[in-house]
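S.K.: what's the 3D shape of this:
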Amino acid sequence: MGKRMGKGEKDILYGILSERNIKHIQFGIDKRFPSWYGSNAYFNLETRLLGFKEDQRVVKKVERCQFWLDTLYICEYCFKYTDDEEQYIAHEANCKYKGRAPGKIMYKSPTYTIRRVKGSKHQLFCQCLCLFTKLFLDNKSMYFKVDHYEFYIVYETESTKPMGFFSKDLVSYQQNNLACILTFPPYQRRRLGSLLLEFSYELSKSEGILSGPELPLSPFGLISYLKYWSKVICYELTTGELANFGRLTLEDIATVSGMRIQDIILTLKYLNCLGESNDIYLTPLKNNLKKYGSKRNDIFSLEEEYLLIDG
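M.R.: Numbering: from 1, shown residues only. Next up is the predicted model:
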């Protein structure tokens with residue numbers, strides 16, 4: 001029998017560090033930014049050399065300082081990484097994904113395209129994506145066991161540069177529609193997170209299920225979802241498909257939104273519009289909707305006519 005792992009050992013397993021250890025990320029030729037969190041998954045823990053590189057000719061004394069590496073060069077097409085600038089430039093010029101992004105197109109508007117990339121088919125691409133993600137998310141994430149995951153990656157239409165993604169666990173007994181989501185630092189504040197969340201619910205609707213994110217949510221994840229759920233419920237009940245219903249039920253909201261009942265209840269309580277007998281008060285919803293705007297394109301980023309999801 002193996003011994004039970006202690007907390008420190010579990011942290012090492014998941015690559016968690018208490019502070020940043022890579023100072024800068026060079027993402028593509030023209031994008032440079034700091035990491036947000038530390039990760040030891042890129043390194044040999046004893047030598048702190050990237051990718052378990054070993055130089056048998058020179059034995060260097062490892063300095064114990066915060067930053068193990070000043071700059072990590074990451075291909076903005078396939079997420080392969082190196083600490084060698086010349087090697088990085090040579091790779092990116094010839095990356096096979098520069099001319100054609102991987103995966104199947106599931107959404108294509110004049111502005112954005114979402115591709116489904118299967119971890120079982122594009123294993124190295126997805127593993128490198130997961131490693132990159134860990135530098136910007138503080139919760140645990142898988143690195144190497146990607147076979148049972150799908151990754152939905154957003155691009156500008158006609159571009160092959162990934163801008164953000166969410167992952168979906170294919171072996172989810174709770175039928176979750178999202179495991180992990182990230183908009184990459186250079187592309188934030190473009191409503192890409194909302195676009196991906198909306199798309200995750202369109203996937204659930206196409207499968208005929210009520211769904212939601214993997215739980216528990218991080219504090220930041222909960223805030224993001226409450227904002228999204230609030231916008232959807234406020235719109236649908238005051239302006240959208242449910243606006244003219246005589247008496248609404250939680251099941252009605254679930255059918256239209258694709259959201260789980262427990263997520264709807266949580267959101268209605270957050271909006272202070274749920275009575276003791278699950279009566280829904282519309283006045284607080286209408287007041288909240290003013291914050292978001294009353295038109296559909298004020299609320300939603302996804303344009304349904306461009307969906308290419310298989311039924």
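S.K.: and the residue nearest the centre of the chain, which of the three is it?
M.R.: When Cα atoms, centre = their mean is applied to the chain, the residue found nearest the centroid is residue 181 (1.1 Å). State at residue 181, reduced to three classes by DSSP: H, G, I helix; E, B strand; the rest coil: strand.
S.K.: who does it bridge with?
M.R.: residue 166 (DSSP bridges).
S.K.: in contact with it, which residues?
M.R.: The contact partners of residue 181, taken as Cβ atoms under 8 Å, 6 or more residues apart in numbering, are 164, 165, 166, 167, 193, 196, 197, 213, 221. No exception for glycine: its C-beta is placed from N, CA and C like everyone else's.
S.K.: leaving out chain neighbours, which residue sits closest to the fifth one?
M.R.: Right, residue 193. Excluding the flanking residues, the one nearest residue 193 by Cβ to Cβ, 6 or more residues apart in numbering is residue 183, at 5.2 Å.
S.K.: any low-confidence regions in the stretch 151-300 of the chain?
M.R.: Regions of the stretch 151-300 of the chain meeting the criterion pLDDT under 70 cover residues 293-294.
S.K.: go with 80
M.R.: Counting by pLDDT under 80, the stretch 151-300 of the chain contains low-confidence ranges at 245-247, 276-278, 288-295, 297-298.
S.K.: counting by contacts, list what the strand or helix carrying residue 107 packs against.
M.R.: Per DSSP states H and E: residue 107 is located in strand 104-108. Applying 3 or more Cβ pairs under 8 Å, 6 or more residues apart in numbering; DSSP states H and E, we find strand 104-108 packed against strand 112-118.
S.K.: other SSEs contacting the next helix or strand after the strand it packs on?
M.R.: Next in sequence after strand 112-118, counting helices and strands by DSSP H and E, comes helix 123-134. Applying 3+ Cβ pairs under 8 Å, 6+ apart, we find helix 123-134 packed against strand 81-82, strand 149-156, strand 162-169.
S.K.: name the residues of helix 123-134 that are buried.
M.R.: Residues 125, 126, 127, 128, 129, 130, 131, 132, 133, 134 are the ones in helix 123-134 that count as buried (16 or more other Cβ atoms under 10 Å).
S.K.: got a list of what the residue nearest to the last one when sequence neighbours are not counted touches?
M.R.: In space, not counting the residues next to it along the chain, residue 134 is nearest to residue 39; the distance is 4.6 Å by Cβ to Cβ, 6+ apart. For residue 39, the set of contacting residues under the criterion of Cβ under 8 Å, 6+ apart consists of 15, 16, 17, 21, 22, 131, 134, 135.
S.K.: right, and the fifth one touches residue 135 too?
M.R.: Yes - the pair formed by residue 22 and residue 135 meets the contact definition of Cβ atoms under 8 Å, at 6.7 Å.
S.K.: list residues touching both of these two?
M.R.: 35, 39.
S.K.: rewinding a little: what bridges to the residue nearest to residue 134?
M.R.: residue 16.
S.K.: circling back to that earlier point, residues making contact with the strand holding residue 107?
M.R.: Residues outside strand 104-108 that contact it (Cβ under 8 Å, 6+ apart): 113, 114, 115, 116, 152, 157, 199, 302, 306, 307, 308, 309.
S.K.: contacts only, for the fourth one.
M.R.: Read that as residue 116. 103, 104, 106, 150, 151, 152.
S.K.: just the endpoints, please. Distance across stretch 102-121?
M.R.: Using Cα to Cα, to the nearest Å, one end of stretch 102-121 lies 10 Å from the other.
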